[in-house]
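J.: The following comprises the amino acid sequence and a computationally predicted model.
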Amino acid sequence: MVFSCPSGYRELVPDFFALNPGFYKQLPRACCGAPGTGPYNFNLTAKCGEPGATACADPKTHWSWDGIHLTEAAYGHIARGWLHGPFGDQPIVQNS
C-alpha cells in the first residue's frame, strides 16, 4: 500500500543497514551482563542487575547495554544519523 505525504511534510526512508558503521570496530558485547558467557556477554540467567552480572566501566564504548537494549551512545549515534545523515534518504536537519 502506498501513501502520499500531506503538503508540508517530508517522507523519511531509513537505511537500517547504515546504522552499524559508528560501532563497526566494537564487538557486539553487552555492557552489563555475565562476563565469560560467550562472545556477547549475555546470559538470560544473569541479566543486568541480577547476581552474577557486572557492568562495564564505560557504556559509551558499547552499543548494547544488556544484550536487549541499546546504550545512550548507540541511541545518540542513531539520532545524529537521522538528524544530519546518512541514515535517512534526506536528513531531517538540512544544512544550508
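T.: Received, thanks.
J.: make it CA atoms for all contacts and neighbour counts henceforth
T.: Will do.
J.: Over to the residue positioned nearest the centre of the chain. Which of the three states is it?
T.: In the chain, the residue lying closest to the centroid (CA atoms, centre = their mean) is residue 74, at 3.8 Å. What DSSP: H, G, I helix; E, B strand; the rest coil gives for residue 74 is helix.
J.: Excluding chain neighbours, give the residue nearest to it in space.
T.: Leaving aside its sequence neighbours, residue 74 sits nearest to residue 63 (CA to CA, 6 or more residues apart in numbering; 4.9 Å).
J.: Could you report the separation of that neighbour from residue 92?
T.: 23 Å (CA to CA, to the nearest Å).
J.: So which of those two has more stuff around it?
T.: For the pair residue 63 and residue 92, the greater number of neighbours falls to residue 63 (26 against 17), based on other CA atoms under 10 Å.
J.: give me the number of residues near the nearest residue to residue 56 once chain neighbours are set aside?
T.: Nearest non-adjacent residue to residue 56, counting by CA to CA, 6+ apart: residue 31, 5.0 Å away. The number of residues packed around residue 31, counting by other CA under 10 Å, is 28.
J.: Mind pulling the model confidence for residue 31?
T.: We have a pLDDT of 91 for residue 31.
J.: Could you tell me the phi and psi values at it?
T.: phi -70, psi -40 (degrees, to the nearest 10).
J.: OK, contacts around it?
T.: 41, 55, 56, 59, 62, 63, 64, 65, 66, 67 (CA atoms under 8 Å, 6 or more residues apart in numbering).
J.: Helices along this protein, start to end?
T.: Per DSSP state H, the chain carries helices over the ranges 72-84.
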